[in-house]
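> sequence below, structure please.
(2 chains)
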Amino acid sequence: MSALAAAAAVSIAVGAETLSVQRVIEALSGASDDPTATTIVRESRVPRTVAAILVGAGLAVAGAVIQAMTRNPLADPGILGVSAGSAFAVALGVGFLGVSGTLGTLPFAFAGALVTAVAVFAIGGSGTSSARLVLAGVAFGAVLAGITRAIVLSDPKAFNTMRAWNAGSLEGRGWEHAAPVIAFVLLGLAMAMAITPSLNATALGDDTARALGARLLRTRVVSLLSITLLAGSATAVAGPIVFVGLMIPHAARALVGLDQRWIIGVSAVLGPVLVLASDILGRIALPNGELPVGVVTAFLGAPVLIAIVRRRQVVSL
Amino acid sequence: MNTLLRTRAATTLLLSVALVAAIVMLGLGDYPMSVPQVVRALVDPSTGFDHTVVVEWRLPRVVSALLVGACLGVSGAIFQSLTANPLGSPDVIGFSTGAYTGALIAMTVLGLGLGGATVGAIVGGLGTAAIVYVLAFRQGVLGFRLVVVGVGVTAMMSALNTWLLMRAQLEVALGAAIWGAGSFSLTNATDAWVLGGTLLLATATLRAVAPSLRQLELGDDTSRAHGVRVEPARLALLVIGVVLVAVPTALVGPIAFIALAAPQVAARITRSAGLPLIASAAVGALVLVLADGVAQHALPGGVPVGTVTVVIGGCYLVWLLAAETRRR
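Residues are numbered from 1 along each chain as shown, chains lettered A, B, ... in the order given. You can find the predicted model right below:
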């Protein structure tokens, strides 16, 4: 929790326009007499920080739920193509139906995430081989990302709207992006928390879970809806960001053990820390301009993926 | 004998289909021409404008697409044979992305021209493939582990590529970005000649070592018993396979999934026991010419052919996985 607070504070304090800590605090509390500082802090940095927290919590918890539900240590909304499906649906909406704004694109983001998740699980067959699921997700993601790129490249208007967004970036995210998804992220988190007892039971295998009284179908449906809400919201705010949902649940398991209630709770805190840290890193990694947060998480997360496949014989969790 | 005949017939058929597709592509464009018109313009310089359009404007691009497809198909067949794994193709094991990283470092950090970029692409591609192979190696290279490690390293390399692109100056970055998408829009006759020379040289060398490739598919011990010197043969094949993917990547940028899909499709069509080299070349050439046709004519401008092949190849992978799941 304190790590999250520290990361949020740094995120608000660091940026292209150098402001002293004292002036940032003044701007936040409304005591500042400098209108520029107030605008930068309140209209740009605070909403961006809120957006990062929402994205981080959404992706990390979605990753934790997917890993628990599929018993697959390699599952992640980005790797499994769920984020790419979400982005693809948004590109369809922007390119062909002319929707705009976060509220307009949200339904598309949700629909894309849900359809892709169902399709990938159907083809990859949850439980048979964890690597096969990854392969199905990567193949699906590559196809959808390719078509998304084709749509975006062939429509100048869509290109303009989607350019920054498609890279997985938090640049220029304001209240108008963050505010509409707060309710959906909270709902998704609540659903994830509600099914943790059943997820604990399904971790023991389908038969044992049934014997323990878990309702498998209901657990799967609620898991899927929760993943859809969380990953879809995150994608609608920041575009496809990979590996957050992979790394954080593993870190959480290492910290608190195998109880899903704790894993999901800790993921909801650690996810935002990672996204905030990556975003800050992206802001200072270039001499001018900034690196999209999705690029930073990919660079940090890929070694984790490799370490996981190397460490264990890729078996079910 | 029957299978051999079938393989030959199927290979000839595939080559002819690729040629016909290329001739049809030569007729497409803002100035459409019928197939007889194209053929006449090809062989008869006195057709004037038609000759200019076909031979000077469209031929380099179509021939390059054919040759790049053939190179990638053969390279994929070699790599998949060597790794004894249908997923061990150069694009999956990170070669293409790594080649791009190498070229980017040469162009944006060292400030080298196109020649330096080519060397950078080869070094970067080889280095990345080696890293992926070593990381995936643990009591042998398991198919799926190779792919997942490849996915991870590719993700890291593309992140690195984005960073390199964004910190470079705009003009350098723009040139590098066009290259990185994998496109034939800038290919000229020189490229086509270079590609043709590469393919010819590689084929000549392959004729000498191809018999040992067949033996290697049977396993190291068997091939040793049959008198093949395993390590030199493997090294020679590896070098040919790398050259066949590095030269096209350096000239037109990374083009994904052809090396992955072409050998498997060719093996299914010809029903040969091993991975057929010539048929793989034919399938690769056919697919890439068609993909470039789609990128050029069917889609609104600006979509690079690399994007089209990603979609085709991804669909192929999905189909492969779905077919396997059904079989269980």
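
> next, count neighbours for residue A:138.
25 (other Cβ atoms under 10 Å in any protein chain shown). Yep, even glycine has a C-beta here, placed from its N, CA and C like the rest.

> meant to ask about residue B:195, not that
24.

> quick one: low-confidence parts of the stretch 51-200 of chain A?
Within the stretch 51-200 of chain A, the ranges that satisfy pLDDT under 70 run A:125-131, A:154-167.

> show me where it has strands.
Counting by DSSP state E, counting those that start in this stretch, no segments of the stretch 51-200 of chain A form strands.

> just the helices in it please.
For the stretch 51-200 of chain A, helices defined by DSSP state H, counting those that start in this stretch occupy the ranges A:82-92, A:101-124, A:130-154, A:156-166, A:175-194, A:196-202.

> in a markdown table: those helices, plus distance to chain B.
Output for these, formatted as a markdown table (distance: least, Cβ to the nearest Cβ, whole Å):
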| stretch | distance to chain B |
| --- | --- |
| helix A:82-92 | 10 |
| helix A:101-124 | 5 |
| helix A:130-154 | 3 |
| helix A:156-166 | 9 |
| helix A:175-194 | 22 |
| helix A:196-202 | 21 |
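
> any idea which of these is most buried?
Among the helices of the stretch 51-200 of chain A, helix A:82-92 has the highest mean neighbour count (mean count of other Cβ atoms under 10 Å in any protein chain shown), at a mean of 29.

> what's the angle between that one and helix A:101-124?
130 degrees (axes from the mean of the first three to the mean of the last three Cα atoms, to 10 degrees).

> now for helix A:82-92, which elements pack on it?
helix A:101-124, helix A:130-154, helix A:156-166, helix A:216-238 (3 or more Cβ pairs under 8 Å, 6 or more residues apart in numbering or on different chains; DSSP states H and E).

> angle of it against helix A:130-154?
Using the same axes, to 10 degrees: helix A:82-92 against helix A:130-154 is 20 degrees.

> how many neighbouring residues does the spatially closest residue to residue A:287 that is not a sequence neighbour have?
Spatial nearest neighbour of residue A:287, chain neighbours left out: residue B:167 (6.7 Å); criterion: Cβ to Cβ, 6 or more residues apart in numbering or on different chains. Residue B:167 sits with 16 neighbouring residues when counted by other Cβ under 10 Å.

> who's in contact with residue B:167?
By Cβ atoms under 8 Å, 6 or more residues apart in numbering or on different chains, the contact list for residue B:167 reads A:286, A:287, B:108.

> assign a three-state SS to residue B:247, would you?
helix (DSSP: H, G, I helix; E, B strand; the rest coil).

> gap between it and residue B:73?
14 Å (Cβ to Cβ, to the nearest Å).

> more neighbours: which of these two?
Neighbour count, other Cβ under 10 Å: between residue B:247 and residue B:73, residue B:73 has more, with 32 against 25.

> find the centremost residue of the chain, please.
All of this is about chain A. Central residue of chain A (Cα atoms, centre = their mean): residue A:59, 2.7 Å from the mean position.

> wrong one, I was asking about chain B
In chain B, the C-alpha nearest the mean C-alpha coordinate belongs to residue B:72, at 2.3 Å (Cα atoms, centre = their mean).

> hmm, the helix or strand that contains it touching chain A?
Residue B:72 is located in helix B:59-82, with elements delineated by DSSP states H and E. No: using Cβ under 8 Å from any Cβ of the partner chain, helix B:59-82 stays clear of chain A, coming no nearer than 15.7 Å.

> what helices or strands is that helix leaning on?
helix B:2-27, helix B:189-216, helix B:230-252, helix B:258-270, helix B:277-293.

> kindly report the residues of the stretch 201-317 of chain A close to chain B.
Checking the stretch 201-317 of chain A against chain B by Cβ under 8 Å from any Cβ, the hits are A:242-243, A:285-287, A:289, A:291-292, A:295-296, A:298-299, A:301-303, A:305-306, A:309-310, A:314.

> put the buried members of these into a PyMOL selection.
Typed into PyMOL, the line below selects the buried ones among these, using 16 or more other Cβ atoms under 10 Å in any protein chain shown:
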select buried, chain A and resi 242+243+285+291+292+295+296+298+299+301+302+303+305+306+309+310+314
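
> helices - which of the residues of the stretch 201-317 of chain A next to chain B land there?
A:295, A:296, A:298, A:299, A:301, A:302, A:303, A:305, A:306, A:309, A:310 (DSSP state H).

> wait, the fifth one touches residue A:247, no?
Yep, that's residue A:301 we're talking about. Yes: contact status for residue A:301 versus residue A:247: in contact at 5.1 Å, counting by Cβ atoms under 8 Å.

> where's residue B:252 relative to chain A, distance?
Going from residue B:252 to chain A by Cβ to the nearest Cβ, to the nearest Å gives 17 Å.

> for that residue, give me its contacts.
Contacts of residue B:252 (Cβ under 8 Å, 6+ apart): B:64, B:68, B:179, B:182, B:183, B:184, B:187, B:191.

> can you list those residues in TSV and add neighbour count?
TSV is the format used below for the contacts of residue B:252 (neighbours: other Cβ atoms under 10 Å in any protein chain shown):
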residue	neighbour count
B:64	26
B:68	33
B:179	24
B:182	24
B:183	21
B:184	25
B:187	20
B:191	22
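
> can you redo those as a markdown table with pLDDT and distance to residue B:10?
Shown next, in a markdown table, are the contacts of residue B:252 (pLDDT from 0 to 100; distance: Cβ to Cβ, whole Å):
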| residue | pLDDT | distance to residue B:10 |
| --- | --- | --- |
| B:64 | 88 | 25 |
| B:68 | 91 | 22 |
| B:179 | 68 | 35 |
| B:182 | 71 | 29 |
| B:183 | 73 | 31 |
| B:184 | 76 | 27 |
| B:187 | 77 | 30 |
| B:191 | 81 | 30 |
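
> closest to residue B:235 among the residues you listed?
Residue B:235 lies nearest to residue B:68 out of the contacts of residue B:252, by Cβ to Cβ, at 24.6 Å.

> I appreciate the help and will end here.
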